[in-house]
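>>> only geometry, no sequence info:
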Ligand code: AMP
Ligand code: ZN
C-alpha cells in the first residue's frame, strides 16, 4: 500500500517516495521556549506524531529533528523580565516541553537541537549566502537575505515575489507579524539584547529565527531530505524563508514534501498566546483531564481541517475511551476455545480499512471509524456467544497495532473500576423507586443530583440502572 500525502508545495496529493528507500527524514519546527506550550501548539505536535507513527506503521525508519528556539526576541524579553540568564530561563520551559510531550504520548524525535548550540553552523550558512551574493550587510549592522536574488522566492506560499515590497527590512523576528520583503539572517546587537550576543564576521549579534531551521535541519538530515512540517501559520514567511536560504546555499531542492496542519480554534478564532484564548496542557490536567483524553481530542480531526476545542469534546473523549477500556476488559475475559474463525474476517477487514485510511493522507476519521466498527462487530459476536479466545486475542492484537499510531488506547492497561461513592448509589436507588412510582419530577431531580456528583445514570428495561462517570 502506497502512502499519500498532501504536499503544500504542489497543492496536491502525492505518493510518498523517500530519497533513501525505507527511511523517512523529517524536520519539524519546534517550540519557542519562553513559556508553557498551549494545546494549539500541541495540535501541531500531535499531528507530527501521528505522521511519524504512521510512517513507522508502514515500516519506514524515521529520523525526526525538532528544533528548540531558545534565543529570539521573546525569550530575551522574558528572561530579562524574570531577571534570569537566558539559558536558565529557557531550561525551565525546555523541561516542561519534554514533560508535556510525554503526557501526550508523543514519541520522541531523534534529535532536539537547540538554536544556541548551533550558532557556528548558522554563521557558516550566512557566510555562504554572503559569498554567493544572496545576502548583504545593511547600515543598521544587520545581515539580510535579498529575496530579489532568489528566483523561486514565493514557491511554497504562492506569493508573487515581484509584488513584495522591495527593500523592506524587518528586524523583528515575530513571524506572526506581517513580515514581507528581505529578512534578517543576523541581527546586530542592541541594548535590548543585554548580554545575549555572539561574535560574528559582521559584528556582535544573534541569528534571525529562520536561519536556525535551515542550519540545524541540514546539519542532521543533509542538504536534501523528505518531509518538513509545521502549522499553517509557519508557511509564510518562515518556511518560505527557510527554503530560500537553504536552496540558495546548496543549489539543490531542499525538501520534497511539505505538510502543514490547520489550527486549533476556540470559537472562530485561532488559539494563540497573544489573544489570551489558550489553555496550556497543565491548565487542563489541573482541571482533572488526562493526557490520554486530551490527545484523543487533538488527534480526532483531519490535520488539514480546523479543529474547535471544547470541553464537550473532552467529555466525549472520556466516554469513548471508557468504552474501549470496557471492551478490552471484556476481550480479556473470553475463555471458550475455538479456532477464531468467526472473528478472523472482521479483524482482517478492520486492518485493511485502518491502513488504507492512514495511507490516504492520514485520514484519521476513516481510521477511527475502522476502530469503532471493529469494536461493534466483535461485541456483537460476543453478545451472540460466537467469540472464542483466539478471536478475542486477534482483536486485541489488531488494537495493539492500531495503537502504535493512535497512541492512547492503552489496550493492555488493566484499570481498576473506580469505586462509585455510596452516596451516588443511594441516589440512584432512590431514583429507581421514584421511577417505579412514576414520580418523574423526583426522578429528574435525583438525576441532576447524581450529575452534580459527576455521574450519569443510564436506564435499561426492567427498572435496571447503571452508573457511569461523567
Ligand atoms: P510557536 O511556538 O508559536 O512557534 O508555535 C509552535 C508550533 O505550533 C508551530 O508549528 C505553529 O504553527 C503551531 N501552532 C501555534 N498555534 C496553533 C494553533 N492554534 N493550532 C495549531 N497549531 C498551532
Ligand atoms: Zn522552522
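Structure received. Keep in mind it's a predicted model, so treat the numbers as computed, not measured. Ligands and ions are numbered 1, 2, ... in the order given.
>>> quick check: bridge partners of the residue in the chain that ligand 1 sits nearest to?
For the chain, the residue closest to ligand 1 is residue 231, as judged by C-beta to the nearest ligand atom, at 2.0 Å. Where C-beta positions appear, they are placed from N, C-alpha and C, glycine not excepted. Residue 231 has these beta-bridge partners by DSSP bridges: residue 261.
>>> need the contact list for it.
With contact set as C-beta atoms under 8 Å, 6 or more residues apart in numbering, residue 231 has these partners: 41, 43-44, 260-263.
>>> rerun that using 10 Å as the cut-off
29, 40-41, 43-45, 47-48, 238, 260-264, 270, 303 (C-beta atoms under 10 Å, 6 or more residues apart in numbering).
>>> can I assume residue 404 sits in a helix?
Yes - membership of residue 404 in a helix is supported by DSSP: H, G, I helix; E, B strand; the rest coil.
>>> follow-up on the earlier one: so which of the contacts of residue 231 comes closest to ligand 2?
Using C-beta to the ion, residue 29 comes nearest to ligand 2 of the contacts of residue 231, at 3.3 Å.
>>> follow-up on the earlier one: the contacts of residue 231 in strands, which ones?
Counting by DSSP state E, the part of these found in strands is 260-261, 264, 270.
>>> in CSV: those, plus pLDDT, distance to ligand 2 and neighbour count.
Shown next, in CSV, are the ones in strands among the contacts of residue 231 (pLDDT from 0 to 100; distance: C-beta to the ion, whole Å; neighbours: other C-beta atoms under 10 Å):
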residue, pLDDT, distance to ligand 2, neighbour count
260, 98, 12, 21
261, 98, 14, 26
264, 98, 19, 26
270, 95, 18, 19
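>>> quick check: residues of the stretch 1-150 of the chain near ligand 2?
When proximity is defined as C-beta under 5 Å from the ion, the stretch 1-150 of the chain approaches ligand 2 at residue 29.
>>> surely residue 248 meets residue 148?
No - at 12.0 Å, residue 248 and residue 148 do not qualify as touching, with contact defined as C-beta atoms under 10 Å.
>>> now the residue positioned nearest the centre of the chain, nearest residue through space, not along the chain?
The centre of the chain sits closest to residue 46, judged by C-alpha atoms, centre = their mean, with a distance of 2.0 Å. Nearest non-adjacent residue to residue 46, counting by C-beta to C-beta, 6 or more residues apart in numbering: residue 298, 4.4 Å away.
>>> need the ones in strands among the contacts of residue 231 in CSV (columns: distance to residue 396).
Formatted as CSV, the ones in strands among the contacts of residue 231 follow (distance: C-beta to C-beta, whole Å):
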residue, distance to residue 396
260, 36
261, 31
264, 32
270, 40
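>>> and the strands in the stretch 301-450 of the chain, which stretches?
Taking DSSP state E, counting those that start in this stretch as the criterion, the stretch 301-450 of the chain carries its strands at 307-308.
>>> what's the nearest residue to residue 415 if we skip its chain neighbours?
Nearest one to residue 415, counting by C-beta to C-beta, 6+ apart, is residue 325 at 5.5 Å.
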